[in-house]
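*Asks:* With the sequence up front, the predicted model follows.
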Amino acid sequence: MSNIPSLVIMLMTVFVSVQVSAKGQKVAIASAHPLATAAGFEVLNKGGNVFDAAVAVTAALAVVEPSGSGLGGGGYWLLHREKDSFETLIDGREKAPMAAHKNMYLDKEGKVVENLSLDGALSAAIPGMPAGLVHLSEKYGKLTLSESLAPAIRYAQTGFAVGERYLKLLKLREAVIKKFPTSASIFLQDGSLPKPYSILRQPDLARTLTRIADSGRDGFYSGCLADKLVEGVKNAGGIWTKEDLKSYQVIERKPVTGIYKGIRITSAAPSSSGGVVLIEALNILSGYDLKKTDELTRKHLVTEAMRRAYHDRSLYLGDEDFINIPVKRLLSDDYAAGLRSTIRLDKALPSTQFSGEIEQQAEGINTTHFSIIDDEGNRVAATLSINFPFGSGFVAAGTGVVLNDEMDDFDSLPGAMNGYGFVGGIANSIEPGKRMLSSMAPTFLENDTDVAVLGTPGGSRIISMVLLAALDFAKGNGPDSWVKLPRFHHQFMPDLIEYESGALSDYEIASLKAMGHQLKQTPYPYGDMQAVLFNKKTKTLLAASDNRGEGRAFVAE
Ligand code: GLY
């Protein structure tokens, strides 16, 4: 790392992010980092389509926002191709190594060993992002993979200025990163946090990206890079094998869909719980006229819908390649009507009154999201993660790749709590080769006039954030409003409404308490929503980036 004057860096960043326009195409991109948004426009200018732009933005985020996602992680890309109305979800979620087993994070007494599934090589699952990038580019892009990865490779080689958000997240994981000399040599400066606007160069990561650009999935999942990964993980106490890497495959899944008040919702299918929980909550709420409901009752009803949908998350959801998930039933109108009938307008129903000993919390700072749409309606919503900020904190020597700690998203022990406070059951237990349950919810919303593309990081709160944005879309508001909305969240257990400052008035807090709700204000704002919108009638595009983050939304016309 090196220091250069902060003003120069800020000017450089602004310059890069505004000197972009898409040749002959109208396109909107919102991502968590200005350089990632710029990378998307750069490949559009080379003649790429929105899917090439998605490859570029994904790879750029892996370089310039290493706290949120990366080649050592995974994610979900939700795609829509307008000419044939084709929609698909690329499931690039990480998988448990084949040597994984249900007791791997327990001590001799059968108790969960603190942080074993969060820090270091044993917490890392087999990454899906490199395979996702290759698949997205080769199957849906127009450009070569190497053209679409070029901006990310350049950012890794020449470096970029680290911002305040980066430093805040790095501070949170500093102690873990210090444990691993390879990681510390990349992210720390003489063993300490770098200064704001220091330049982060990642030559090993540039070489790894170049390998993928040259050799596709083999550049990561076999050959000398795979050898380095496996050796590094094993020497640090992990359990990866070469076969784990070689056998990793992304899966294309049919997205889950639903209708709320004439709005078509399309979102992530399991292995993420995002789409199912979102649509189930909207189905419950579809029985009310929220536009005519006073604000207090509205918030109570939204909370009760969240409570019920998150409860089902814990009971039924996991990797559908391993368990049978009653998706059809969970998303049926009759099922929603049944749940609605248990809601009282004047009173909270405590979560302890539900069946199942299941719990779920969140810090809302990890993961990343971007949204892209063009003026034909082609679009991508992608939510990508390495789980906690800087994932496991572990980098295998010579790779530049921060490995995820996504194994923590499994339920290590039925009844025990993971990093988000989710306490799970059998559906999401650890099994070799299984994908751990996610909350990521890349989402499209569409009515007669508008198409919206949105999503956010935030652990278990992802789904409630997208739900609040969908309800705001239903009110007729645009992306600027969705990303700014003050947020509140309920995830069944802990039985608590968590809310940002400003999300509830004093009157609402007192009244919700009187109805039996417990409430807790979050110590800081959460989420980093990235959203775009296309108006089909006027052919106009809008884009907005969450003011809580450092992202950049841009429309090129
Ligand atoms: N690791 C966060 C999620 O998958 O929801």
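*Replies:* Looks like it came in fine.

*Asks:* so how many other residues sit close to residue 447?
*Replies:* By the criterion of other C-beta atoms under 10 Å, residue 447 has 16 neighbours. C-beta coordinates here come from the backbone N, C-alpha and C atoms, glycine included.

*Asks:* quick one: it and residue 259 touch, right?
*Replies:* No - Residue 447 is not in contact with residue 259 according to C-beta atoms under 8 Å; the separation is 10.0 Å.

*Asks:* Residues touching stretch 109-122, excluding its own?
*Replies:* 103-107, 123, 176, 179-180, 232-234, 236-240, 387-388, 392-394, 403, 405, 407-408, 410, 412-413, 416, 418-419 (C-beta atoms under 8 Å, 6 or more residues apart in numbering).

*Asks:* And the residue in the stretch 351-500 of the chain positioned nearest to the ligand, how far from residue 29?
*Replies:* The nearest approach of the stretch 351-500 of the chain to the ligand comes at residue 438, 3.2 Å away (C-beta to the nearest ligand atom). For residue 438, the distance to residue 29 equals 23 Å [C-beta to C-beta, to the nearest Å].

*Asks:* Tell me which of the two has more neighbours.
*Replies:* Taking other C-beta under 10 Å, residue 438 and residue 29 do not tie; residue 29 has more neighbours (35 against 29).

*Asks:* What's opposite whichever residue of the stretch 151-300 of the chain sits closest to the ligand in the beta bridge?
*Replies:* Using C-beta to the nearest ligand atom, the closest approach of the stretch 151-300 of the chain to the ligand is made by residue 272 at 6.9 Å. Beta-bridge partners recorded for residue 272 (DSSP bridges): residue 438.

*Asks:* cool, residue 267 as well?
*Replies:* Beta bridges link residue 267 to residue 256 when assigned by DSSP bridges.

*Asks:* How about the residues of the protein by the ligand?
*Replies:* Counting by C-beta under 6 Å from any ligand atom, the chain comes close to the ligand at 367, 385, 387, 406, 409, 438, 439, 440, 459.

*Asks:* want to throw these into a markdown table with secondary structure and pLDDT?
*Replies:* As requested, the residues of the chain next to the ligand are exported to a markdown table (DSSP: H, G, I helix; E, B strand; the rest coil; pLDDT from 0 to 100):
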| residue | secondary structure | pLDDT |
| --- | --- | --- |
| 367 | coil | 94 |
| 385 | strand | 98 |
| 387 | coil | 96 |
| 406 | helix | 96 |
| 409 | helix | 93 |
| 438 | strand | 96 |
| 439 | coil | 96 |
| 440 | coil | 98 |
| 459 | helix | 93 |
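
*Asks:* Can you classify residue 280 by secondary structure?
*Replies:* What DSSP: H, G, I helix; E, B strand; the rest coil gives for residue 280 is helix.

*Asks:* can you count the residues close to the closest residue to it other than its chain neighbours?
*Replies:* Nearest in space to residue 280, with sequence neighbours left out and distances taken as C-beta to C-beta, 6 or more residues apart in numbering, is residue 309 at 4.2 Å. The local packing of residue 309 (other C-beta under 10 Å) involves 29 other residues.

*Asks:* what about stretch 245-257, average pLDDT?
*Replies:* The average pLDDT within stretch 245-257 is 98.

*Asks:* from memory residue 287 sits against residue 334, does it?
*Replies:* No - counting by C-beta under 8 Å, residue 287 does not reach residue 334; the two are 11.6 Å apart.

*Asks:* Comparing these two, which residue is more hemmed in?
*Replies:* The residue with more neighbours, out of residue 287 and residue 334, is residue 287; 15 against 9, by other C-beta under 10 Å.

*Asks:* before we move on, which element is the more buried one in?
*Replies:* For residue 287, there is no host helix or strand (DSSP states H and E).

*Asks:* What backbone torsions are found at the residue nearest to it when sequence neighbours are not counted?
*Replies:* Distances taken as C-beta to C-beta, 6+ apart put residue 340 closest to residue 287, at 4.8 Å, once the chain neighbours are dropped. Main-chain dihedrals, residue 340, degrees, to the nearest 10: phi -60, psi -40.

*Asks:* Would you quantify the distance from residue 340 to the ligand?
*Replies:* 27 Å (C-beta to the nearest ligand atom, to the nearest Å).

*Asks:* surely that residue meets residue 284?
*Replies:* Yes - counting by C-beta under 8 Å, residue 340 touches residue 284, with 5.3 Å between them.

*Asks:* higher neighbour count, these two?
*Replies:* Neighbours per residue (other C-beta under 10 Å) separate residue 340 from residue 284, with residue 284 holding more: 25 against 19.

*Asks:* Setting aside sequence neighbours, what's the nearest residue to that one?
*Replies:* The spatial neighbour of residue 284 that comes closest, neighbours along the chain excluded (C-beta to C-beta, 6+ apart), is residue 305 at 4.1 Å.

*Asks:* Spit out the contact partners of that neighbour.
*Replies:* By C-beta under 8 Å, 6+ apart, the residues touching residue 305 are 281, 282, 284, 285, 343, 467.

*Asks:* okay, how far is it across stretch 111-126, tip to tip?
*Replies:* With C-alpha to C-alpha, to the nearest Å as the measure, the ends of stretch 111-126 fall 25 Å from one another.

*Asks:* list the buried ones in it?
*Replies:* Neighbour-count burial for stretch 111-126, counted by 16 or more other C-beta atoms under 10 Å, picks out 112, 116, 117, 118, 119, 120, 121, 122, 123, 124, 125, 126.
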